[in-house]
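Student: I would like the atomic coordinates for the input below:
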Amino acid sequence: QVQLVESGGGLVQAGGSLRLSCTASGGTFSFYVLGWFRQAPGKEREFVAGISAAGRSTDYGDSVKGRFSISRDNAKNTVWLQMNSLRPEDTAVYYCVVRRFTTSITQAPAGYDYWGRGTQVTVSS
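Tutor: As a prediction, the model looks like this:
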């Protein structure tokens, strides 16, 4: 069983930055693909970013490319999402996710085995 705890969400003005963190416990962190999804009210969950087990490969959703960056530290069991140039449409609950038993990143929510409880990000205009 893997537990994921996100932190770092909050209220920020448009154009600002936030850094989300997610710390995992209960599993072999360095073997897992990690990622972030988000969900805004009334919308489906959206892939934000993913990173391979060793951190050499990343993938981003089209709406965040060039603004967001994902990174990880396997020694600290932690993954981060650096969010820059935030826009009101980035407002959502952000979820940290784990994908086991594969080396590939997927943008499909069903491809991830464990989800955190989420952290709220609100961007004001």
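Student: Dead centre of the chain: give me the residue that sits there.
Tutor: When Cα atoms, centre = their mean is applied to the chain, the residue found nearest the centroid is W36 (2.1 Å).
Student: That one - that's part of a helix, no?
Tutor: No. W36: not assigned to a helix; according to DSSP: H, G, I helix; E, B strand; the rest coil it is strand.
Student: Across the sheet, point out what pairs with it.
Tutor: Beta-bridge pairing for W36 (DSSP bridges): A49, C96.
Student: Please name the residues that touch it.
Tutor: Going by Cβ atoms under 8 Å, 6 or more residues apart in numbering, W36 touches 20, 22, 48-50, 70, 79, 81, 94-97. In short, each C-beta sits where N, CA and C put it, glycine included.
Student: again, only using 6 Å
Tutor: Taking Cβ atoms under 6 Å, 6 or more residues apart in numbering, we find W36 in contact with 48-49, 81, 94.
Student: If we only consider these, which is nearest to R117?
Tutor: If you rank those by distance to R117 using Cβ to Cβ, Y94 comes first, at 10.7 Å.
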